[in-house]
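S.K.: only the shape, not the letters, is given here:
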């Protein structure tokens with residue numbers, strides 16, 4: 001019995017999937033290597049990212065309490081983000 005690649009459901013389905021569905025699966029298989037790369041990249045950028053996060057948290061607090069914009073939900077999300085950050 002010869003397996004025809006075009007008639008095989010698994011192989012045919014694999015080629016029918018768009019790459020936007022396949023690439024997350026591939027990245028999850030090599031997740032540890034991706035985490036190491038992201039740790040190296042963010043390790044060098046951590047002072048910049050810290051300043052940016054402090055800026056954006058300060059801005060949202062300014063908008064909530066000085067400009068009186070936002071709802072109760074946005075205030076809760078802001079405080080949870082501030083405490084977790």
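M.R.: Alright, I've got the coordinates. Model, not experiment: these values are computed from the prediction.
S.K.: mean confidence score for the helix or strand containing residue 79?
M.R.: For residue 79, the host element (DSSP states H and E) is helix 72-84. On average, the pLDDT along helix 72-84 is 89.
S.K.: wait, residue 70 sits on residue 63?
M.R.: Yes. Proximity of residue 70 to residue 63 meets the contact threshold set by C-beta atoms under 8 Å, at 6.3 Å. C-beta coordinates here come from the backbone N, C-alpha and C atoms, glycine included.
S.K.: so what sits against both of those two?
M.R.: Listed contacts common to residue 70 and residue 63 are nil; contacts here mean C-beta atoms under 8 Å, 6 or more residues apart in numbering.
S.K.: I'd say residue 75 and residue 61 touch.
M.R.: No. Assessed by C-beta under 8 Å, residue 75 is found out of contact with residue 61, at 9.4 Å.
S.K.: so what touches stretch 50-57?
M.R.: Applying C-beta under 8 Å, 6+ apart, the set of residues contacting stretch 50-57 from outside is 78, 81, 82, 85.
S.K.: excluding its backbone neighbours, what's nearest the first one?
M.R.: To tie it back to what came earlier, the one meant is residue 78. Excluding the flanking residues, the one nearest residue 78 by C-beta to C-beta, 6 or more residues apart in numbering is residue 60, at 5.2 Å.
S.K.: which SS class is that neighbour?
M.R.: helix (DSSP: H, G, I helix; E, B strand; the rest coil).
S.K.: residue 68 too?
M.R.: Bear in mind the rule, three-state DSSP; under it residue 68 is coil.
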